[in-house]
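Student: The following block contains a protein sequence and its predicted model.
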Amino acid sequence: MIMTSQIFPQSEIKQRLQELQSNLQSRQIDGALLLSTPELYYYSGFGTDGILYIPAEGNPTHFIKRNLNLGKEISMIEDIRLLVKFSDLFDILEDFKTSKLAIEADILPFSLVNRIVLKNYEIIDGSQLFREIRSKKSEFEIKLLETAAKLVDDSFEYCCEIAKPETREIELAANLDSWLLKNGHNGFITTRSFNSALLNYSYVISSYSSVLNIRFTPISGYGLSTKYPYGPSSQKLGTRPFFVDTCGNYQGYISDTTRSFICGKFDEITMNQIHSLQEIKKFIVKNLKPGKNAGELYIEVFKLAEELEILDQFMGSRNDHSVFLGHGVGLELDELPVIYAKGPILEKGNVIACEPKFYVENQKVLGIEDTIAIKETQADILSKAPDFFEI
């Protein structure tokens, strides 16, 4: 039984192909050779193991390694062929008179790239181009992201039902993940970063185990082993604040939302710190619009944090602040654009997870992260849950 088929309208796929081919033509590149799941899914609607060749002009060809019949039923590319082994691809490409190829050089294995080079193809790193194209979402894609974000919103309500001071971080994360999957989450949080792995969709971090970390978020927990020393640990939630940083997934589109919780009531000092994060959130949303320089926004937000007197605990610690404030989301968790000191000009269609967070090591964590779509003149917050919860 086929569970999912042809998620995207034909017009959506056609627009994506036209955008890529136009860019290939302007760069005088003969074609793009795509192998990653996000790119295969983006242009064909089918993320199975295979290869997609998109020429600068003409019709693309989808090579599928196994189960050709399934590919023909789901893939939205007309020319679908069985590819028994990778070496057969080069014989086929000769028929297309291809010499200059754009590939995903940032993630493909060296051995595979070297095989292409040995066949005397001129290789162009198309990674930035491919990612920039995907960074501008259509209204159709934004609706999928909105559904993913709504699922996460609802999971926070469930969190309030099951979280107790004696609950362990990993126990809460596992229960939330189970609830998400039962209620429509599609699993698989795809990332582009090298050596990255996600155990949970729900990243539960208590104040007692908070630590600076470079993986996925400015603030992390200790994790379950020293092989992957990040994420939820066996620490109990206790009665201090904790946050839940959750990735939604609907039809492959990933949202990212963080909310602050406490088993009890936030004290006055903590509420003031939450209010400061809310002020930063408002400032970010107000400034997320086409034409805004992301680097300038990054600097402006840190200046605001200083005015609000939380700079030393904002996005890290006094001497170790996070180098980013937000990141694009979509078919991957870590998409473009990134809001950092040298960030790009923002564009209509960018969908960004902005994540102001507060941190005092092993004492307190707070976070408010929202998935935000940049529209024609303003930003639309896709995550609707309250900024904090008292249980």
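Tutor: Perfect, I can see it now. Residues are numbered from 1 along each chain as shown.
Student: my read: A163 touches F261, true?
Tutor: Yes. Distance between A163 and F261: 6.5 Å, which falls inside the contact criterion (CB atoms under 8 Å). Yep, even glycine has a C-beta here, placed from its N, CA and C like the rest.
Student: tell me, what's touching those two both at once?
Tutor: Contact criterion CB atoms under 8 Å, 6 or more residues apart in numbering; residues bridging A163 and F261 by contacting each: 242, 391.
Student: ok, which stretches of the stretch 201-350 of the chain are helices?
Tutor: Listed in chain order, the helices found in the stretch 201-350 of the chain under DSSP state H, counting those that start in this stretch are 268-287, 294-307.
Student: Domain map for the protein?
Tutor: 10-134, 136-390 (automatic domain parsing).
Student: what's the most buried one of those?
Tutor: domain 136-390 (a mean of 19; mean count of other CB atoms under 10 Å).
Student: And that domain, end to end?
Tutor: End-to-end distance of domain 136-390: 36 Å, with CA to CA, to the nearest Å as the criterion.
Student: That one: how far from the chain's middle?
Tutor: 11 Å (CA atoms, centre = their mean, to the nearest Å).
Student: What of stretch 112-129?
Tutor: Here the centre of mass of C-alpha atoms in stretch 112-129, compared against the chain's by CA atoms, centre = their mean, lies 26 Å away.
Student: Report the mean confidence score over it.
Tutor: The average of the pLDDT scores along stretch 112-129 is 86.
Student: and what of stretch 40-52?
Tutor: Mean pLDDT, stretch 40-52: 94.
Student: again, but for stretch 197-217
Tutor: Across stretch 197-217, the average pLDDT comes to 78.
Student: All further residue positions should be reported with the first residue as 24.
Tutor: Sure, I'll start counting at 24 from here, so that last one is stretch 220-240.
Student: With only the CA atoms kept, save stretch 195-214 in PDB.
Tutor: Backbone C-alpha positions of stretch 195-214 (Å, rounded to 0.1, in the frame of the first residue of the first chain) are rendered in PDB as follows:
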ATOM      1  CA  LEU A 195       9.700  13.700  28.900                       C
ATOM      2  CA  ALA A 196      11.400  13.900  25.500                       C
ATOM      3  CA  ALA A 197      10.500  10.300  24.700                       C
ATOM      4  CA  ASN A 198       6.800  10.800  25.700                       C
ATOM      5  CA  LEU A 199       6.500  14.000  23.700                       C
ATOM      6  CA  ASP A 200       8.100  12.300  20.700                       C
ATOM      7  CA  SER A 201       5.600   9.400  21.000                       C
ATOM      8  CA  TRP A 202       2.700  11.800  21.100                       C
ATOM      9  CA  LEU A 203       4.000  13.700  18.100                       C
ATOM     10  CA  LEU A 204       4.300  10.600  16.000                       C
ATOM     11  CA  LYS A 205       0.800   9.400  17.000                       C
ATOM     12  CA  ASN A 206      -0.600  12.800  16.000                       C
ATOM     13  CA  GLY A 207       0.900  13.400  12.600                       C
ATOM     14  CA  HIS A 208       4.600  14.000  12.900                       C
ATOM     15  CA  ASN A 209       6.400  12.400  10.000                       C
ATOM     16  CA  GLY A 210       9.700  11.700  11.900                       C
ATOM     17  CA  PHE A 211      13.200  12.200  10.300                       C
ATOM     18  CA  ILE A 212      14.700  15.600  11.200                       C
ATOM     19  CA  THR A 213      17.100  16.100   8.300                       C
ATOM     20  CA  THR A 214      20.200  18.200   8.800                       C
END
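Student: Provide the contact partners of it at residue level.
Tutor: Here stretch 195-214 makes contact (CB under 8 Å, 6+ apart) with 60-61, 174-175, 177-178, 181-182, 185-186, 221, 223-227, 239, 254-255, 260, 267, 269-275, 277, 354-357.
Student: Pick out the residue closest to the middle of the chain.
Tutor: The chain has L356 as the residue nearest its centroid, 1.5 Å off, counting by CA atoms, centre = their mean.
Student: Look up how far R104 lies from it.
Tutor: Using CB to CB, to the nearest Å, one obtains 32 Å as the distance from L356 to R104.
Student: Ok, K37 next?
Tutor: Relative to R104, K37 is positioned 20 Å away (criterion: CB to CB).
Student: do K166 as well
Tutor: Here K166 is placed at a distance of 33 Å from R104 (CB to CB).
Student: Please name the residues that touch the nearest residue to K315 once chain neighbours are set aside.
Tutor: Distances taken as CB to CB, 6 or more residues apart in numbering put L369 closest to K315, at 4.8 Å, once the chain neighbours are dropped. If you count contacts by CB under 8 Å, 6+ apart, L369 has them with 311-317, 320, 360, 375, 397.
Student: Surely the residue nearest to the centre of the chain is in contact with G271?
Tutor: No. In terms of CB under 8 Å, L356 does not count as a neighbour of G271; the distance is 10.6 Å.
Student: Kindly point out which residues are neighbours of both of those two.
Tutor: Overlap of the contact sets of L356 and G271 (by CB under 8 Å, 6+ apart) consists of 277, 279.
Student: Can you list the strands that the helix or strand where A376 lies pairs with?
Tutor: Here A376 sits within strand 374-377, counting by DSSP states H and E. In its sheet, strand 374-377 lies beside strand 347-351 (antiparallel), strand 393-397 (antiparallel), with partners assigned from DSSP bridges.
Student: closest one to I146 among the ones you listed?
Tutor: Taking CB to CB, strand 347-351 is the member of the strands paired with strand 374-377 nearest to I146, at 25.7 Å.
Student: can you list contacts of the closest one?
Tutor: Outside strand 347-351, the residues within contact range by CB under 8 Å, 6+ apart are 158, 279, 307, 320-321, 324, 338, 356-363, 373-379.
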